[in-house]
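Visitor: Structural data only, the sequence is not supplied:
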């Protein structure tokens, strides 16, 4: 017996949701590799950085018997305002009547896949725009820049995490590694940055694996050890758009600074309407993303 008004769409609901989830969860995911994904219950989030304390302050009590009062310079405020991403598919009742069920479910699956693709594209966009002046952090600079100010109170002092004219070679990896391990806070304290992740586009995948995975220096007949062996994990991300750009990353610091706030997780629901002719399923999700500090990454390009 043919489904009556409303029943055909109601009967499709479970399958639409299931195939939407199949599409959404079936795409390879890299967002969680790089971002600290945090649920949010408000319309926006913000973080405020704090300056460093010189280690010698902790000796005050031993020297004078006085408990030191710790003071911090306020760092930069970074605001994360969630954006809404809605979309819908309309299913013609004739598809149901004509037993085109696979066509209907494929539409739901592709919708879920498109949602996942949007999220992954946004996650990769921060790395693709790492030195772009239109994408700025709380300090008013791109993620990677030659002149990051230390703090609002000490903006004259700057640091550098952008390396241009720097092709992916073992020597250049070592140069950038040493530079990152010299990063300091606003008080001049070494922050203990230890890069352990080499992020590359597909074009540099083999080069990266050779640099970090060879026990001996490549191209050398002297049997010298490769000092980069075991220091880094090489990760390739095909969504990186530049074939010559690579990144050195402290993965622990990255998860403290690279933030993704999820206000509403993707879901799909049927719109309440007269579905005599067609029915509409709506998906929506909300999130924001960015970084609160830059001292975990170096961006490099040939």
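Guide: Yep, that arrived. In this text the structure is predicted, and so the values were computed from the model without any measurement. Residues are numbered from 1 along each chain as shown.
Visitor: shaky segments in the stretch 51-200 of the chain?
Guide: For the stretch 51-200 of the chain, no stretch is flagged by pLDDT under 70.
Visitor: Just the element for the residue nearest to residue 17 when sequence neighbours are not counted, please.
Guide: In space, and not counting its chain neighbours, residue 17 is closest to residue 268: 5.8 Å by CB to CB, 6 or more residues apart in numbering. The C-beta positions use only the backbone N, C-alpha and C, and glycine is treated the same way. Per DSSP states H and E: residue 268 is located in strand 258-270.
Visitor: And the average pLDDT for that strand is what?
Guide: The average pLDDT for strand 258-270 rounds to 97.
Visitor: can you pull the buried residues of the helix or strand just after that strand?
Guide: Of the helices and strands lying after strand 258-270 in sequence (DSSP H and E), the nearest is strand 278-291. Across strand 278-291, burial judged by 16 or more other CB atoms under 10 Å covers 278-279, 281, 283-291.
Visitor: Can you give the distance of strand 278-291 from its chain's centre?
Guide: Offset of strand 278-291 from its chain centre (CA atoms, centre = their mean, to the nearest Å): 18 Å.
Visitor: what angle do the following helix or strand past that strand and strand 258-270 make?
Guide: For strand 278-291, the following helix or strand on the C-terminal side (DSSP H and E) is strand 297-301. Angle, strand 297-301 to strand 258-270, by axes from the mean of the first three to the mean of the last three CA atoms, to 10 degrees: 90 degrees.
Visitor: quick one: residue 258 and residue 37 touch, right?
Guide: No: assessed by CB atoms under 8 Å, residue 258 is found out of contact with residue 37, at 10.0 Å.
Visitor: Mutual contacts of those two, please.
Guide: Residues touching both residue 258 and residue 37 by CB atoms under 8 Å, 6 or more residues apart in numbering: none at all.
Visitor: Mind checking which of those two has more residues around it?
Guide: Between residue 258 and residue 37, residue 258 has the larger neighbour count (other CB atoms under 10 Å), namely 24 against 15.
Visitor: Can you tell me who the more buried one pairs with across the strands?
Guide: On the basis of DSSP bridges, residue 258 is bridged to residue 291.
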